[in-house]
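Q: sharing a model prediction with you, sequence too.
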Amino acid sequence: MNPPSVFRFRFAPMACAIAACAGTLTAEEPPPAPDFRKMIEHVHARLDGKIRGGYACEFLHGGRVAAHAEWGYAIAPGTPGHPPRKWTVFEPMQLASASKTITAAAVMKLRDEKGFSLDDPFWQHVRRIIPRVTPDAKKITIRHLLTHSGGISDKLPDANTPAALEKVLLTPLAHPPGVESHYANNNFYALRLVIEQISGEPYTAYVQRHLLKPMGAGPMTTRSAPGEAAYGYDKPGTKTHGNPYGLDCTPWAGAAGWYASAQALGKFLLGLRNHTVISEASVKEMQEGCFGLDRGLPDCAKGGDWGWSDDEGSGSWHSAIVLFHDDVQAVLLINAESGNGPTDILFDAWKAGHPKPRLPPGAK
């Protein structure tokens, strides 16, 4: 089960503009354009020969795709029940926790539509379906959920029904709301319920209709069948045939559960960049507040990592999206255990594609 030793890549022609002021050309040179070939080559060097599956990545700049590459297999040769299928940027893969960025964006879109405050206690919006919570849990705001700072313990089981979340919210908080931040999936399952109760629509339907389709990212979904999306694979040398993770995540998606291709995620990032459906102020607030993100401004990023094992085999999936400060956006999907975090790969690739800044005379 060896991926091909060559990879496919394409680059869009880049145009350079000279700034002018009152009809006079400026004396300053524009900053060097990013070298997307070096970025793609860095990604490939980090993964070539180190994974059993493959990857797809995109770099975007100036509102369009600047470069993309595909390598290896979404479904590798020898996988029982399915013919081999090579990676393309149109191949869907489950995103794991990168789904949180989609949920956070949906909250901001809904806020733009309905005008509620992120500092509202979230329970007031879901009390009809979660009637019992502790007095402290009633103080958790929507903003606290978006930033994992409401005090919900990260040691509790992940909820996948309102009744399960009610049990979580009847458990004493790990700390008062707003004091500390501890990453917990239950925050984003709670946001899923907030979206449903305020919008009056099922979570997936609302996100697709109001956020993703207007962005051109409509193919994203919360359900898949075995073989429809990229299999996950273990490290090289393991004997398992991989795992399809072909599940319908619609009933519980929010903290995870979305399936998307690199191309669709690129459309999503451009939608944020261009404020296609979310106001500029809300996108800025999302990025400054690190809502659904691992890193906030100046370079916003979110990664997703997932391993799964059942009777069909075992495997892992790793995803990353980054909005760099210089109008470069990046997506990387890897369907195998690589030992290299996809977010770190993209940051290092960005560095590889940017020459060191020119220093003024006399500077060291």
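A: Sure, I can see it.
Q: which pLDDT does the model give residue 96?
A: Looking at residue 96, its pLDDT reads 96.
Q: tally of neighbours for it?
A: 22 (other Cβ atoms under 10 Å). Every C-beta, even on glycine, is put in place using the N, C-alpha and C of the backbone.
Q: how about residue 320?
A: 26.
Q: what do you get for residue 189?
A: 27.
Q: which residues sit against stretch 217-225?
A: Stretch 217-225 is contacted from outside by 92, 94, 102, 204, 208, 212, 245-250, 253, 257-261, 264-265, 267-268, 271, using Cβ atoms under 8 Å, 6 or more residues apart in numbering.
Q: so who does the closest residue to residue 352 other than its chain neighbours touch?
A: Counting by Cβ to Cβ, 6 or more residues apart in numbering, residue 352 lies nearest to residue 42, which is 4.1 Å off, once chain neighbours are set aside. The contact partners of residue 42, taken as Cβ under 8 Å, 6+ apart, are 345, 348-349, 352-353.
Q: name the element residue 42 belongs to?
A: Per DSSP states H and E, residue 42 falls inside helix 36-47.
Q: could you point out which element follows that helix?
A: With DSSP H and E, the next secondary element past helix 36-47 is strand 54-61.
Q: neighbouring strands for the helix or strand that that next one is followed by, and are they parallel or not?
A: Next along the chain after strand 54-61, taking DSSP H and E as the criterion, comes strand 64-75. If you go by DSSP bridges, strand 64-75 pairs up with strand 8-11 (antiparallel), strand 54-61 (antiparallel), strand 85-86 (antiparallel).
Q: and those, which one's lowest on average pLDDT?
A: Minimum mean pLDDT among the strands paired with strand 64-75: strand 8-11, a mean of 60.
Q: low-confidence ranges in the stretch 201-350 of the chain?
A: Judged by pLDDT under 70, the stretch 201-350 of the chain has no weakly predicted residues.
Q: try it again at 80.
A: Residue ranges of the stretch 201-350 of the chain with pLDDT under 80: 237, 239-240, 310-313.
Q: which parts of it are strands?
A: Counting by DSSP state E, counting those that start in this stretch, the stretch 201-350 of the chain has these strands, from start to end: 259-260, 300-310, 313-323, 328-334.
Q: span of stretch 314-331 from start to end?
A: End-to-end distance for stretch 314-331, by Cα to Cα, to the nearest Å: 24 Å.
Q: tell me how far that stretch lies from the chain's centre.
A: Distance of stretch 314-331 from the chain centroid (Cα atoms, centre = their mean, to the nearest Å) equals 7 Å.
Q: pretty sure residue 92 contacts residue 263?
A: No. With contacts counted by Cβ atoms under 8 Å, residue 92 stays clear of residue 263, the gap being 9.7 Å.
Q: contacts only, for residue 112.
A: So residue 112 contacts 278-279, 282 (Cβ under 8 Å, 6+ apart).
Q: so residue 101 sits in a helix?
A: Yes. Under DSSP: H, G, I helix; E, B strand; the rest coil, residue 101 sits within a helix.
Q: and it, how many neighbours?
A: 27.
Q: gap between it and residue 271?
A: To residue 271, residue 101 is 12 Å away according to Cβ to Cβ, to the nearest Å.
Q: measure stretch 175-183 end to end?
A: End-to-end for stretch 175-183, by Cα to Cα: 13 Å.
Q: would you mark the buried spots in that stretch?
A: 175, 177 (16 or more other Cβ atoms under 10 Å).
Q: kindly report the same for stretch 250-261.
A: 252-261.
Q: out of the residues you listed, who's nearest residue 179?
A: Closest approach to residue 179 among the buried residues of stretch 250-261 (Cβ to Cβ): residue 255, at 21.7 Å.
Q: residues contacting that closest one?
A: Each residue near residue 255 by Cβ under 8 Å, 6+ apart is listed here: 97, 99-100, 103, 158, 185-189, 192.
Q: ok, now residue 92?
A: 219, 221, 224, 228-230, 259-261, 264.
Q: low-confidence ranges, the stretch 1-150 of the chain, go.
A: 1-32.
Q: could you redo the last one with a cut-off of 50?
A: Within the stretch 1-150 of the chain, the stretches with pLDDT under 50 are 1-6, 13-28.
Q: quick one: which of the contacts of residue 92 is nearest to residue 315?
A: Nearest to residue 315 among these, with distances taken as Cβ to Cβ, is residue 230, at 9.4 Å.
Q: residues near the closest one, how many?
A: 33.
Q: swap in residue 285?
A: Counted with other Cβ under 10 Å, the neighbours of residue 285 add up to 17.
Q: so what's it up against?
A: 108, 291.
Q: give me the nearest residue to residue 140, chain neighbours excluded.
A: Per Cβ to Cβ, 6+ apart, closest to residue 140 is residue 150, 3.7 Å.
Q: distance of the one you found relative to residue 129?
A: 18 Å.
Q: same question for residue 328.
A: Residue 328 is 42 Å from residue 129, by Cβ to Cβ.
Q: what's the answer for residue 164, then?
A: Counting by Cβ to Cβ, the gap from residue 164 to residue 129 is 12 Å.
Q: and the residue nearest the centre of this structure?
A: By Cα atoms, centre = their mean, the chain has its centre lying nearest to residue 98, at 3.1 Å.
Q: pretty sure that residue is touching residue 318, no?
A: No. The pair residue 98 / residue 318 is not scored as a contact, 9.4 Å apart, by Cβ under 8 Å.
Q: who touches both of the two?
A: Jointly contacting residue 98 and residue 318 under the rule Cβ under 8 Å, 6+ apart are 303-304.
Q: which SSE is the closest residue to residue 107 other than its chain neighbours in?
A: Nearest non-adjacent residue to residue 107, counting by Cβ to Cβ, 6+ apart: residue 191, 5.8 Å away. Element membership of residue 191, judged by DSSP H and E, is helix 186-199.
Q: fine by me, we can end here.
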